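Asker: sequence first, predicted model second:
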Amino acid sequence: MEEAMDAYVILLLACVAVFLVFRLRQSFRKTRGKADQTDEIQRKLALLKKKRDED
C-alpha cells in the first residue's frame, strides 16, 4: 500500500513539474514576442522621423 502511494506522489510531482515548465516556456515566448514588436516599432518610428526631417 505504501509503495502505491509513493508512486502516486511521484506521478503528481512529475505532472506539476511538466506544467511549470510549459508555463515558463509560454511566458518566455510572450516576452520575446513583445521585444520583437518593440524593435519593429522603433525601426518604423525612426523611418517616419527620417521622412519628416527630409520634408
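Answerer: That came through, no problem.

Asker: show me the helices in the protein, by range?
Answerer: Ranges of helices within the chain are 2-54, based on DSSP state H.

Asker: point out where this structure drops to low pLDDT.
Answerer: In the prediction, the chain carries residues with pLDDT under 70 at positions 1, 31-33.

Asker: can you rerun that using 80?
Answerer: Along the chain, the parts satisfying pLDDT under 80 run over 1-3, 28-37, 55.

Asker: okay, which residue is most central for it?
Answerer: residue 28 (2.2 Å; Cα atoms, centre = their mean).

Asker: would you mind measuring from it to residue 21?
Answerer: 11 Å (Cβ to Cβ, to the nearest Å). C-beta coordinates here come from the backbone N, C-alpha and C atoms, glycine included.

Asker: need the overlap of contacts for those two.
Answerer: Common contact partners of residue 28 and residue 21 (Cβ atoms under 8 Å, 6 or more residues apart in numbering): none.

Asker: run the chain-centre distance for stretch 39-51.
Answerer: 26 Å (Cα atoms, centre = their mean, to the nearest Å).

Asker: only alpha carbons, please: show it as PDB.
Answerer: What follows is stretch 39-51, C-alpha atoms only, in PDB (Å, rounded to 0.1, in the frame of the first residue of the first chain):
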ATOM      1  CA  ASP A  39      12.200  46.600 -32.200                       C
ATOM      2  CA  GLU A  40      10.000  46.800 -35.200                       C
ATOM      3  CA  ILE A  41       8.000  49.700 -33.900                       C
ATOM      4  CA  GLN A  42      11.300  51.600 -33.100                       C
ATOM      5  CA  ARG A  43      12.500  50.900 -36.600                       C
ATOM      6  CA  LYS A  44       9.300  52.200 -38.200                       C
ATOM      7  CA  LEU A  45       9.400  55.300 -35.900                       C
ATOM      8  CA  ALA A  46      12.900  56.000 -37.000                       C
ATOM      9  CA  LEU A  47      11.900  55.800 -40.700                       C
ATOM     10  CA  LEU A  48       9.000  58.200 -40.100                       C
ATOM     11  CA  LYS A  49      11.200  60.700 -38.300                       C
ATOM     12  CA  LYS A  50      13.700  60.500 -41.200                       C
ATOM     13  CA  LYS A  51      11.000  61.100 -43.800                       C
END
